[in-house]
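Q: I would like to see how this sequence folds:
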Amino acid sequence: MFRSTLYLTVGFVILIGVASSYDFGSKVDNTSPDLGYPLVDFGGSQVPIDIGYWDVGPNPQIFDEDDMVYLHFGSAVPTTINANDIRLTTRSDLGLNAGSKVRASDIDCGKPLLPLPAPPLTAGIYFMDLYGSSPGYDVNDLIYLKTLLPAGITATNDVRLSNAVHYNGTVLSAGTKVLDFHADHNRLIIPMIIGFPIYPPVWQESIATIRFYNANGNTMNGVPIYDYNDEVYIDVPFSPLSPGVVSVNDVHLTV
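A: So this is what the prediction gives:
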């Protein structure tokens with residue numbers, strides 16, 4: 001069963017969800033069944049990790065509201081969408097949902113994956129520090145994928161990686177894009193993971209990383225193998241010198 005808590009902010013409220021199915025963009029809390037699971041870094045043929053988009057919207061060669069965005073493993077963009085890439089946005093008309101993984105038989109597998117419009121040191125994962133808490137990121141903060149300039153603020157077509165609810169009750173779901181008239185448009189955001197494509201465990205100027213829970217424990221030459229059944233997280237805070245564990249305020253990127 002899904003449980004939610006609403007926190008009133010200036011213009012909109014946060015929706016923090018806890019679900020046994022790990023809803024996309026939900027945060028780990030003290031009751032999450034995956035709390036304490038070991039997390040490992042991506043390695044071998046699974047790096048670098050990059051973010052790109054499939055140009056499937058109404059405006060060819062322009063990144064727009066209907067283009068699909070992906071977390072891609074194993075090469076830098078431009079490239080093609082591969083099996084086990086993670087969808088970060090939703091296109092219900094195509095049957096594609098944020099947090100789901102690409103299968104070889106899916107409509108988007110093999111399609112061109114293009115670089116985001118933002119330059120590498122701008123594109124990335126950010127958080128909105130709603131209450132100015134120390135040391136910064138906490139359970140109340142919203143998560144975004146910065147897709148285009150300007151830097152440091154939310155802009156049209158940035159992607160929500162956590163849920164929010166507009167003050168009038170409209171749900172602004174994880175996997176949707178920010179539009180001009182949304183309450184979270186033009187708000188200050190702080191970098192979490194930037195500099196894509198990224199190679200673990202070195203994450204320059206980042207306070208978080210992307211790691212996975214190796215559900216079946218399989219490895220090749222000592223390197224954990226990421227596959228379809230593995231859960232992927234934004235792991236924060238992290239140490240580049242040792243593996244992590246699923247902890248409070250980590251973010252689920254898979255469903």
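
Q: low-scoring pLDDT stretches of the stretch 151-255 of the chain, where are they?
A: Within the stretch 151-255 of the chain, the segments meeting pLDDT under 70 span 165-167, 201-205, 239-243.

Q: Please enumerate the helices of the protein.
A: With DSSP state H as the definition, the chain shows no helices.

Q: residue farthest from the centroid of the protein?
A: For the chain, the residue at maximal distance from the C-alpha centroid (Cα atoms, centre = their mean) is residue 221, at 28.5 Å.

Q: Which residue comes closest to that one once chain neighbours are left out?
A: Spatial nearest neighbour of residue 221, excluding adjacent residues (Cβ to Cβ, 6 or more residues apart in numbering): residue 44 at 7.3 Å. Where you see a C-beta, it was placed from the backbone N, CA and C, and this is true even at glycine.

Q: residue contacts, that neighbour?
A: Contact analysis of residue 44 by Cβ atoms under 8 Å, 6 or more residues apart in numbering lists 220-221, 223, 225.

Q: So for it, what pLDDT did the model give?
A: On pLDDT, residue 44 comes in at 92.

Q: what do you get for the one 10 residues further on?
A: Predicted confidence (pLDDT) for residue 54: 99.

Q: Give me the pLDDT for the residue lying closest to it once chain neighbours are set aside.
A: Leaving aside its sequence neighbours, residue 54 sits nearest to residue 68 (Cβ to Cβ, 6+ apart; 4.4 Å). Model confidence at residue 68, expressed as pLDDT, equals 99.

Q: Tally up the residues packed near residue 68, please.
A: Residue 68 has 22 neighbours, counted by other Cβ atoms under 10 Å.

Q: surely it meets residue 96?
A: Yes. Under the criterion of Cβ atoms under 8 Å, residue 68 makes contact with residue 96 at 6.2 Å.

Q: shared neighbours, the two?
A: 87, 108.

Q: if we can go back for a sec, among the contacts of residue 44, which ones are buried?
A: Among the contacts of residue 44, those classed as buried by 16 or more other Cβ atoms under 10 Å are residue 225.

Q: can you list the contacts of residue 44 in a markdown table and add distance to residue 31?
A: Formatted as a markdown table, the contacts of residue 44 follow (distance: Cβ to Cβ, whole Å):
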| residue | distance to residue 31 |
| --- | --- |
| 220 | 35 |
| 221 | 37 |
| 223 | 33 |
| 225 | 30 |
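
Q: any idea how far residue 61 is from the residue nearest to residue 28 when sequence neighbours are not counted?
A: Of all residues not flanking residue 28 in the chain, residue 250 sits nearest, at 4.5 Å (Cβ to Cβ, 6+ apart). Taken as Cβ to Cβ, to the nearest Å, the spacing of residue 250 relative to residue 61 amounts to 36 Å.

Q: Repeat that for residue 197.
A: For residue 197 relative to residue 61 (Cβ to Cβ), the value is 22 Å.

Q: Tell me which of the two has more neighbours.
A: Ranked by neighbour count (other Cβ under 10 Å), residue 197 and residue 61 place residue 197 first, with 16 against 6.

Q: you'd agree that one is up against residue 49?
A: Yes. With contact defined as Cβ under 8 Å, residue 197 reaches residue 49; the gap is 6.4 Å.

Q: Could you check how far residue 76 is from residue 51?
A: Distance, residue 76 to residue 51, by Cβ to Cβ: 10 Å.

Q: Give me the more crowded residue out of these two.
A: residue 51 (26 against 17).

Q: Spit out the contact partners of the closest residue in space to residue 113 that isn't next to it in sequence.
A: In this structure, residue 113 finds its nearest non-sequential neighbour in residue 52, 4.0 Å apart by Cβ to Cβ, 6+ apart. Going by Cβ under 8 Å, 6+ apart, residue 52 touches 69-70, 72, 77-79, 113-116.
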